[in-house]
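>>> Can you look at this prediction? I've put the sequence above it.
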Amino acid sequence: MDPAAALAAAWLAAVSRVELSPDASPSGPPKTLTDVIEGALRDGGLGAELSRPKPNDPGHVVNRLV
């Protein structure tokens, strides 16, 4: 399958899942691209396991010259 077609199909499936059951939450960790997109649509952003590091975390370097 063409990657663009696969992404479009996953996006449309995730949107339809959210529209059909807006109060449901995904069960367990995401297994497919559709699950990842659905989780992002429901949460409005990155999940806890994919969240960006905080500036005060050890090992995180902030470029203050920018």
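Received, thanks.

>>> so after the biggest helix by length in the chain, what's the next helix or strand?
Ordering each helix of the chain by length in residues (DSSP state H) puts helix 3-20 first. Next in sequence after helix 3-20, counting helices and strands by DSSP states H and E, comes helix 33-43.

>>> Enumerate every residue touching Arg17.
Applying C-beta atoms under 8 Å, 6 or more residues apart in numbering to Arg17 gives the contacts 34, 38. The C-beta positions use only the backbone N, C-alpha and C, and glycine is treated the same way.

>>> Could you name the helices and strands sitting against the lowest-mean-pLDDT helix or strand in the chain?
Sorting the helices and strands of the chain by mean pLDDT, DSSP states H and E puts helix 33-43 at the bottom, at a mean of 87. On a contact count with 3 or more C-beta pairs under 8 Å, 6 or more residues apart in numbering; DSSP states H and E, helix 33-43 meets helix 3-20.

>>> pLDDT of the helix it packs on, averaged?
Mean pLDDT, computed over helix 3-20, is 92.

>>> Mind listing what's buried along that helix?
By neighbour count, with 16 or more other C-beta atoms under 10 Å as the criterion, the buried positions of helix 3-20 are 10, 13-14, 17.

>>> Likewise for stretch 28-45?
Under the neighbour-count criterion of 16+ other C-beta under 10 Å, stretch 28-45 has 30, 34-39, 41-42 buried.

>>> possible to save those residues as JSON lines with distance to Asp23?
What follows is these, written out as JSON lines (distance: C-beta to C-beta, whole Å):
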{"residue": "Pro30", "distance to Asp23": "19"}
{"residue": "Thr34", "distance to Asp23": "18"}
{"residue": "Asp35", "distance to Asp23": "17"}
{"residue": "Val36", "distance to Asp23": "20"}
{"residue": "Ile37", "distance to Asp23": "18"}
{"residue": "Glu38", "distance to Asp23": "13"}
{"residue": "Gly39", "distance to Asp23": "15"}
{"residue": "Leu41", "distance to Asp23": "13"}
{"residue": "Arg42", "distance to Asp23": "10"}
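
>>> ok, so of the residues you listed, who is nearest Ala24?
Nearest to Ala24 among those, counting by C-beta to C-beta, is Arg42 at 8.5 Å.

>>> Quick check: the gap between that closest one and Ala9.
From Arg42 across to Ala9, the span is 19 Å (C-beta to C-beta, to the nearest Å).
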